[in-house]
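Q: Model the structure of this input:
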Amino acid sequence: QVQLVESGGGSVQAGGSQRLSCAASGDTYGRRCMGWFRQAPGKDRESVATIRDDGTTTYPDSIKGRFIISQDNAKNTLNLEINSLKPEDTAMYYCAAGPIMGSFQQCSFLYWGQGTQVTVSS
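A: Residues are numbered from 1 along each chain as shown. Sure thing, here's the model as predicted:
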């Protein structure tokens, strides 16, 4: 089992920055892959950043350059820095974790936090 607790959300003006954190605990095998997702009202949940235990990061093309995912292994913390915030970044942001599975070595996100709200005003 893996437990995840997000923090750092809030209200911010467009153009600003926000740093989200996720405190992780539990089985290390279940945390080989960690990521951030977001879900805006009326929209599907989408991945915004992923990091593997070897340090490999992945971002969708639409976000690349503004979001930075990082991991502090000593503190068991996953971070997400969001820069040049836009109103369309307003969403609930979720931390997720899971093992790497299958012949294609894909992340399998089995564990989810409760989410932290980010609201961007214009």
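Q: And R32, how far from Q18?
A: Using CB to CB, to the nearest Å, R32 is found at 26 Å from Q18. (Glycine included, C-beta is placed from N, CA and C.)
Q: Tell me the buried residues in stretch 74-85?
A: 78-80, 82, 85 (16 or more other CB atoms under 10 Å).
Q: can you give me the end-to-end distance of that stretch?
A: End-to-end distance of stretch 74-85 (CA to CA, to the nearest Å): 29 Å.
Q: can you give me the offset of it from its chain's centre?
A: In this view, stretch 74-85 has its centroid 8 Å away from the chain centroid, taken as CA atoms, centre = their mean, to the nearest Å.
Q: That one - what's its average pLDDT?
A: If you average the pLDDT over stretch 74-85, you get 92.
Q: Please settle this for me: is P41 part of a strand?
A: No - under DSSP: H, G, I helix; E, B strand; the rest coil, P41 falls outside any strand and is assigned coil.
Q: so what's the backbone phi/psi at it?
A: Backbone geometry at P41, expressed as degrees, to the nearest 10, gives phi -60, psi 130.
Q: Could you give the secondary structure assignment for the residue with the shortest distance to the centre of the chain?
A: A centroid search over the chain (CA atoms, centre = their mean) returns W36, at 1.6 Å, as the residue closest to the centre. Secondary structure for W36, judged by three-state DSSP, is strand.
Q: thinking again about what came up before, out of the buried residues of stretch 74-85, which are inside strands?
A: Using DSSP state E, 78-80, 82 are the members of the buried residues of stretch 74-85 that sit in strands.
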